[in-house]
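Asks: the following comprises the amino acid sequence and a computationally predicted model.
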Amino acid sequence: MEKKMTTKITPFWGKDKPRLRKPCFADNMWYSSKKSQLQHDIQTYLDQATSKPNTEGLIGLVSPHAGHLFSGHVAANAYSGLAPGDFETVILIGVDHHGAGMGQICTLQVDAWHTPLGDIPVDWEMLQAIRQEVKIDLLENDNEHCLEIQLPFLQMTLQQFKLVPLMMSISSLYTCQHLGEVLAKVIPAKTLLIASSDLSHFFNDTTARRLDEATLQFVLNLDEVGFIQHDQTALSSVCGVGAVTTVIYTSKLLGANQTKLLKYATSADVQPH
């Protein structure tokens with residue numbers, strides 16, 4: 001028997017003044033602050049995508065979170081197959097780079113996330129259902145880019161959707177699997193899981209590609225245990241290891257049995273070292 005939610009969700013700052021999470025990285029470096037330019041940039045990336053995932057049966061994606069100059073041409077291959085109405089809710093999981101949360105998982109206490117393309121409402125009904133079984137710290141503010149950098153792609157493809165934004169600061173296998181079990185239990189149909197994660201950091205291009213090739217095999221094999229153990233022992237520096245581990249595990253619980261590598265690149269493909 002499913003547990004019914006009775007909590008009434010209302011905006012934190014009243015019906016007439018919802019609280020927005022304003023963009024921190026629409027600075028013309030990470031991505032454009034001007035709506036028309038941002039639309040043009042995202043559409044160009046989408047038009048140039050060489051792989052388009054089939055959304056039928058799609059459960060989860062992994063997308064990079066560097067500035068759009070470096071990550072946009074890769075991320076577009078994940079998002080290019082999405083269209084309005086494909087998904088009504090997006091669970092977007094990233095890393096808490098700066099330790100803003102006091103615990104293992106956190107989210108912002110806002111009603112909507114704003115970008116130059118508009119507002120995205122937060123699905124607090126689903127967040128409250130998750131918080132019944134998982135400790136999630138509520139933050140007043142943040143300075144985190146890993147979730148924000150994905151949003152313009154989602155706005156340009158899905159257009160209308162609700163957002164469940166989560167950031168993880170501790171990436172133990174138990175934490176990832178516990179969160180995954182709760183997510184698999186509470187999320188409805190037409191929900192998309194996204195892990196925001198870059199791969200190796202701070203290595204030369206040859207070393208990065210070697211480490212990333214090994215790392216990606218665990219993702220492609222849907223092996224969340226091997227993936228997190230590999231990251232801990234191989235010093236591959238995946239910065240969204242918790243997000244990816246959670247999305248792999250949750251996707252398997254929801255029936256995922258195959259994966260596809262849509263595009264891989266390093267920063268050297270854009271700006272040779």
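Replies: Structure's in. What do you need? This one's a predicted model, so the numbers in the text were calculated from it and none came from an experiment.
Asks: I'd like the next helix or strand past the helix or strand containing Arg210.
Replies: Arg210 is part of helix 205-220, with elements assigned from DSSP states H and E. Heading C-terminal from helix 205-220, the first helix or strand you meet, by DSSP H and E, is helix 224-234.
Asks: angle of that next one against helix 205-220?
Replies: Put simply, helix 224-234 runs at 160 degrees to helix 205-220, going by axes from the mean of the first three to the mean of the last three Cα atoms, to 10 degrees.
Asks: other residues contacting helix 224-234?
Replies: Identification of contacts with helix 224-234 by Cβ atoms under 8 Å, 6 or more residues apart in numbering yields 171, 173, 176-177, 211, 214-215, 218-219, 236-238, 241, 244-246, 248-249, 252. Where C-beta positions appear, they are placed from N, C-alpha and C, glycine not excepted.
Asks: check contacts around the closest residue to Thr250 other than its chain neighbours.
Replies: The spatial neighbour of Thr250 that comes closest, neighbours along the chain excluded (Cβ to Cβ, 6 or more residues apart in numbering), is Gly180 at 3.9 Å. Listed by Cβ under 8 Å, 6+ apart, the contact set of Gly180 reads 246, 249-250, 253.
Asks: name the element Gly180 belongs to?
Replies: Using DSSP H and E, Gly180 falls within helix 173-186.
Asks: same question, Leu38
Replies: If you go by DSSP H and E, Leu38 is part of helix 35-48.
Asks: buried stuff in that helix?
Replies: Using 16 or more other Cβ atoms under 10 Å as the test for burial, helix 35-48 gives 38-39, 41-42, 45-46.
Asks: I'd like the average pLDDT over that helix.
Replies: For helix 35-48, the mean per-residue pLDDT is 97.
Asks: go on, stretch 123-137?
Replies: Stretch 123-137 carries an average pLDDT of 96.
Asks: endpoints of stretch 63-82, how far apart?
Replies: Stretch 63-82 has its terminal residues 14 Å apart, counting by Cα to Cα, to the nearest Å.
Asks: that one - what's its average pLDDT?
Replies: 89.
Asks: all strands for this protein, in order.
Replies: Assigned by DSSP state E, the chain shows strands spanning 20-21, 60-63, 89-95, 105-108, 112-115, 118-121, 137-139, 162-168, 191-196.
Asks: Pro121 contacts Lys162, correct?
Replies: Yes: counting by Cβ atoms under 8 Å, Lys162 is a contact partner of Pro121 at 5.4 Å.
Asks: more neighbours: which of these two?
Replies: Neighbour count, other Cβ atoms under 10 Å: between Pro121 and Lys162, Lys162 has more, with 19 against 15.
Asks: tell me what the more buried one is bridged to.
Replies: Beta-bridge partners recorded for Lys162 (DSSP bridges): Thr89.
Asks: that one contacts Leu92, doesn't it?
Replies: No: contact criterion Cβ under 8 Å: Lys162 and Leu92 do not qualify, at 10.8 Å.
Asks: follow-up on the earlier one: quick one, which of the contacts of helix 224-234 are buried?
Replies: Buried positions within those, assessed by neighbour count (16+ other Cβ under 10 Å), are 171, 173, 176-177, 211, 215, 218-219, 236-238, 241, 244-246, 248-249, 252.
Asks: how close does Lys260 get to Val219?
Replies: Going from Lys260 to Val219 by Cβ to Cβ, to the nearest Å gives 11 Å.
Asks: next: Ala78.
Replies: Taking Cβ to Cβ, one finds Ala78 at 13 Å from Val219.
Asks: overlap in contacts of those two?
Replies: Counting by Cβ under 8 Å, 6+ apart, the residues touching both Ala78 and Val219 are Val62.
Asks: in the protein, which helix or strand is least confident?
Replies: Scoring the helices and strands of the chain by mean pLDDT, DSSP states H and E places helix 224-234 at the bottom, with a mean of 83.
Asks: now that one against helix 173-186, angle please.
Replies: Helix 224-234 and helix 173-186 are oriented at 150 degrees to each other (the same axes, to 10 degrees).
Asks: helix 224-234: which residues count as buried?
Replies: Buried-residue list, helix 224-234, by 16+ other Cβ under 10 Å: 224, 227-228, 230-231.
Asks: kindly report the same for stretch 44-60.
Replies: By neighbour count with 16+ other Cβ under 10 Å, stretch 44-60 contains the buried residues 45-46, 49, 53, 58-60.
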